[in-house]
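Asker: pasted the sequence and its predicted model underneath.
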Amino acid sequence: QVQLVESGGGLVQAGGSLRLSCAASGRTFSSYHMGWFRQAPGKERMFVAAISWNGGNTYYADSVQGRFTISRDNAKNTVYLQMNSLKPEDTAVYYCAAGTYWASMFPRKETSYDYWGQGTQVTVSS
């Protein structure tokens, strides 16, 4: 079992930056592939970024490539999402997720992940 708690969301102006954190419980964090997803009002939850268990591989949605950076610190059981050059269309609830085998094979698929956080709201004003 892994419990995930996101933090770092808030209100920011377009062009600004935020860093989301996702703290995981348990001693096996380093064995999990981690992902970030987001859900805007009235829309489906969508993939944002993912990182392999050792940080060696990262994946991004086209819409955030070059603006967002995912990273992890296994010593702190935490995964991060650095978000720069934020746009109003980035407004959403952001969720972190943890998975094992299927997340390594299909990191962009929501169904690949076994554990989810409660989400943190990010609002970007124009």
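Answerer: The structure has been received and is ready for your questions.

Asker: so residue 55 touches residue 72, yeah?
Answerer: Yes. Residue 55 lies in contact with residue 72 (CB atoms under 8 Å); the separation is 5.3 Å. Every residue, glycine included, has its C-beta placed from N, CA and C.

Asker: between those two, point out the one with more neighbours.
Answerer: A side-by-side neighbour count of residue 55 and residue 72, using other CB atoms under 10 Å, places residue 72 first with 23 against 15.

Asker: show me what the least confident helix or strand in the chain by mean pLDDT is packed against.
Answerer: Ranked by mean pLDDT, DSSP states H and E, the weakest helix or strand in the chain is helix 101-105, scoring a mean of 92. On a contact count with 3 or more CB pairs under 8 Å, 6 or more residues apart in numbering; DSSP states H and E, helix 101-105 meets strand 33-39.

Asker: can I get the strand it packs on in PDB, CA atoms only?
Answerer: Extracted C-alpha coordinates of strand 33-39, given in PDB (Å, rounded to 0.1, in the frame of the first residue of the first chain):
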ATOM      1  CA  HIS A  33       6.900   4.500 -11.300                       C
ATOM      2  CA  MET A  34       5.200   7.800 -10.700                       C
ATOM      3  CA  GLY A  35       2.900   9.900 -12.700                       C
ATOM      4  CA  TRP A  36       1.100  13.300 -12.700                       C
ATOM      5  CA  PHE A  37      -2.400  13.700 -14.200                       C
ATOM      6  CA  ARG A  38      -4.800  16.600 -14.200                       C
ATOM      7  CA  GLN A  39      -8.500  17.100 -14.500                       C
END
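
Asker: so which residue is dead centre in the protein?
Answerer: Centroid-nearest residue in the chain, with CA atoms, centre = their mean: residue 36, separated by 2.1 Å.

Asker: contact partners for the nearest residue to that one once chain neighbours are set aside?
Answerer: Nearest non-adjacent residue to residue 36, counting by CB to CB, 6 or more residues apart in numbering: residue 48, 4.3 Å away. Contact partners of residue 48, counting by CB atoms under 8 Å, 6 or more residues apart in numbering, are 35-38, 60-61, 64, 68, 81, 94.
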